[in-house]
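Asks: dropping the sequence and predicted coords here.
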Amino acid sequence: MVPMIELQAVDYTQQETEIIRQVSWQLRTGEHWAILGPNGSGKTTLLKLACGYEWPSGGRVLRHGEELIDLREWRKRIGWIANDLVGKVPKRDLALETVVTGRTAQVGLRYLPTFKPSEQDFADAAERLQEISCSHLAEKPFGVLSQGERQQVLFARARMADPVLLVLDEPCAGMDPGVRERFLAWLDAQLSKPDGPTTLLVTHHVEEIMPSITHTLLMSDGEIAQAGPTSEVVSKATIESAYQTKLAELRELGGRRWPIWG
Ligand SMILES: Nc1ncnc2c1ncn2[C@@H]1O[C@H](COP(=O)(O)OP(=O)(O)OP(=O)(O)O)[C@@H](O)[C@H]1O
């Protein structure tokens, strides 16, 4: 099978600083990957290169085996759920209205003069919420939702564009442990579905790599330190080396790996 995305010896330099060096990696349709790595190691830059928001300074990025594709069309098929999006959604827009805006690249339904959703758009949005067991959120203003519920609504919104790839950039940042655990259990159930979209999850926390996220890529100082099955990549030695700190133990429990620092 031709990879959905293939990076071949990719370099990325800005202001004479090498941010990404000689990165080669393949993402195949249906795979779910976690992207780990210390602050500033190049995770977001790698995603931007893979998704076509930045151009490499050297090497090649292939999408479905081709280098030259219409990037505007390609980007439309990527659901990128970043935390800055949460801050951009008007608080009084209802969850259903927020999901509807997944048909455009913008948020804020009441402020989009050129986008007048049809009844079918609203019906599709309701279906997206129903698919992920979140119909009860439809009539709630986005501003009153918990952080976990906001991520669920943005997930449904991303699915309005029928994405081939979902990118979740630190979705659990700022969640309390209960909200986080419920969100992760829900996410794991979504990603375990056979028709679930190919997914990349950026996180700083090893225990957020749920069993459905079968592959992990570890960035270190602009290079891939390791990439492959989560069970091989996420080990005590690699985590200690990546974060330059001691682990007393990396405990396996419930299909997840829990670091005990110190
Ligand atoms: N356009 C740019 N110009 C100059 N430096 C940049 C640019 N984009 C990124 N960098 C630098 O490249 C490095 C990698 O940034 P990147 O955002 O990819 O890291 P990250 O692993 O996602 O970090 P974090 O975990 O803190 O979000 C950082 O040192 C950052 O300051």
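Replies: Right, received. Where do you want to start? Keep in mind it's a predicted model, so treat the numbers as computed, not measured.

Asks: quickly list what the residue nearest to Ser235 when sequence neighbours are not counted is bridged to.
Replies: Distances taken as CB to CB, 6 or more residues apart in numbering put Leu250 closest to Ser235, at 6.8 Å, once the chain neighbours are dropped. Where C-beta positions appear, they are placed from N, C-alpha and C, glycine not excepted. Counting by DSSP bridges, Leu250 is bridged to Pro259.

Asks: how far away is Leu250 from Pro141?
Replies: Relative to Pro141, Leu250 is positioned 41 Å away (CB to CB, to the nearest Å).

Asks: circling back: now the residue nearest to Ser235: how far from Leu187?
Replies: Leu250 is 22 Å from Leu187, by CB to CB.

Asks: quick one: the strands in this structure, in order.
Replies: 5-14, 17-27, 32-36, 58-63, 78-82, 165-169, 198-202, 215-220, 223-229, 247-253, 256-261 (DSSP state E).

Asks: pick the most deeply packed of these.
Replies: When the strands of the chain are scored by mean count of other CB atoms under 10 Å, the highest mean neighbour count falls to strand 32-36 (a mean of 25).

Asks: tell me which residues are up against that one.
Replies: Strand 32-36 is contacted by residues 27, 43, 46-47, 191, 196, 198-204, 206, 208-209, 212-219, 230, 234, 242 when judged by CB atoms under 8 Å, 6 or more residues apart in numbering.

Asks: among the residues you listed, which ones lie close to the ligand?
Replies: For the ligand, the contacts drawn from the contacts of strand 32-36 by CB under 6 Å from any ligand atom are Lys43.

Asks: tell me, how many residues neighbour Glu16?
Replies: If you count neighbours by other CB atoms under 10 Å, Glu16 ends up with 5.

Asks: what of Gln244?
Replies: 8.

Asks: how many neighbours does the residue nearest to Val179 when sequence neighbours are not counted have?
Replies: Excluding the flanking residues, the one nearest Val179 by CB to CB, 6+ apart is Gly148, at 4.1 Å. The number of residues packed near Gly148 is 21, by other CB under 10 Å.

Asks: again, but for Leu71
Replies: 13.

Asks: how far away is it from Asp188?
Replies: Leu71 is 31 Å from Asp188, by CB to CB.

Asks: the strands of the chain into a markdown table, with extra columns for mean pLDDT and distance to Gly52?
Replies: Output for the strands of the chain, formatted as a markdown table (pLDDT from 0 to 100; distance: least, CB to CB, whole Å):
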| stretch | mean pLDDT | distance to Gly52 |
| --- | --- | --- |
| strand 5-14 | 96 | 9 |
| strand 17-27 | 96 | 13 |
| strand 32-36 | 97 | 17 |
| strand 58-63 | 95 | 7 |
| strand 78-82 | 85 | 8 |
| strand 165-169 | 92 | 11 |
| strand 198-202 | 95 | 14 |
| strand 215-220 | 96 | 18 |
| strand 223-229 | 96 | 19 |
| strand 247-253 | 94 | 35 |
| strand 256-261 | 94 | 32 |
